[in-house]
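Novice: okay, predicted coordinates and the sequence, questions at the end:
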Amino acid sequence: MAPFTDLERLAAGIYAPLLSFGFLVVNFILHYVLYRLYRGGVFPGCLGCVFTRHRDDPYLLSIFKLPLSELQSFERVIHQYQRTSLAFLCTSYLSVVQTVLQFFSCTSYGDQSYLTNYPAVSCKTDDSYNRIKPLFITLLVVVIALPVVLAVILYRLNETSRLKGSTQVRVVFGCMTEGYTRKLYFWVCDVM
């Protein structure tokens with residue numbers, strides 16, 4: 001297996017957060033399928049009861065317990081996954097911004113231009129660089145627009161008193177606002 005090229009190492013700043021988010025999506029899908037199977041009566045309220053021979057063993061049940069019977073609605077779980085997605089977004093945002101900005105940071109040497117942090121990649125003549133340039137232009141727009149969109153959403157929720165008043169909104173946006181007073185709800189967008 002050959003080592004990574006400079007462009008592949010640069011792109012890893014985007015792939016790593018996407019991989020984590022992908023695992024979250026797979027986990028959500030599995031959680032939803034198990035919930036639907038439980039509601040359909042396919043298996044009892046704990047996952048361990050299906051996979052173990054000793055269905056009465058409290059130790060095995062405590063390891064494999066998935067309390068589906070406690071869920072009246074899957075909506076609560078959806079809100080928790082939305083909160084986790086926002087937390088992933090906030091924690092991976094700086095890594096993605098750094099990667100996008102490094103992609104556009106070129107230094108000129110004579111009549112050529114090279115990536116500042118990865119000088120083996122030519123900004124003008126490298127075919128791989130030029131092929132993925134539209135992706136990075138799109139990502140640049142996204143990383144600029146994202147804090148603005150989140151600030152507008154938080155502003156509207158705060159103005160209608162739902163940001164701190166609604167339990168559902170607190171569950172979803174709490175990871176961004178719980179540590180701040182009502183007047184400083186937007187601070188996470190400033191940090192971004």
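Specialist: It's in. Numbers count the residues shown, from 1 in each chain.
Novice: distance of the residue lying farthest from the centre of the chain from S122?
Specialist: Largest separation from the mean C-alpha position in the chain: G110, at 41.1 Å (CA atoms, centre = their mean). The spacing between G110 and S122, counted by CB to CB, to the nearest Å, is 12 Å. Glycine gets a C-beta too; all of them are placed from N, C-alpha and C.
Novice: now swap in M176 and tell me
Specialist: 40 Å.
Novice: repeat for S161
Specialist: From S161 to S122 the distance is 54 Å (CB to CB).
Novice: so after the lowest-mean-pLDDT helix or strand in the chain, what's the next helix or strand?
Specialist: Least confident helix or strand, the chain: helix 58-64 with a mean of 48, by mean pLDDT, DSSP states H and E. Going down the chain from helix 58-64, the next helix or strand is helix 75-104, by DSSP states H and E.
Novice: packing partners of the helix or strand just after that next one?
Specialist: Downstream of helix 75-104, the next assigned helix or strand under DSSP H and E is strand 106-109. Other helices and strands packing on strand 106-109, by 3 or more CB pairs under 8 Å, 6 or more residues apart in numbering; DSSP states H and E, are strand 112-115.
Novice: more crowded one of S161 and S122?
Specialist: S122 (17 against 11; other CB atoms under 10 Å).
Novice: for that one, give me its contacts.
Specialist: Q112, S113, Y114, Y129 (CB atoms under 8 Å, 6 or more residues apart in numbering).
Novice: same thing but 6 Å
Specialist: S122 makes contacts with Y114, as judged by CB atoms under 6 Å, 6 or more residues apart in numbering.
Novice: around the residue lying closest to T99 once chain neighbours are set aside, how many other residues sit close by?
Specialist: Counting by CB to CB, 6 or more residues apart in numbering, G13 is the residue found nearest to T99 once chain neighbours are left out, at 3.1 Å. For G13, the neighbour count with other CB under 10 Å is 18.
Novice: G13: what secondary structure?
Specialist: For G13, the assignment made with DSSP: H, G, I helix; E, B strand; the rest coil gives helix.
Novice: for V149, see how far away it is.
Specialist: 22 Å.
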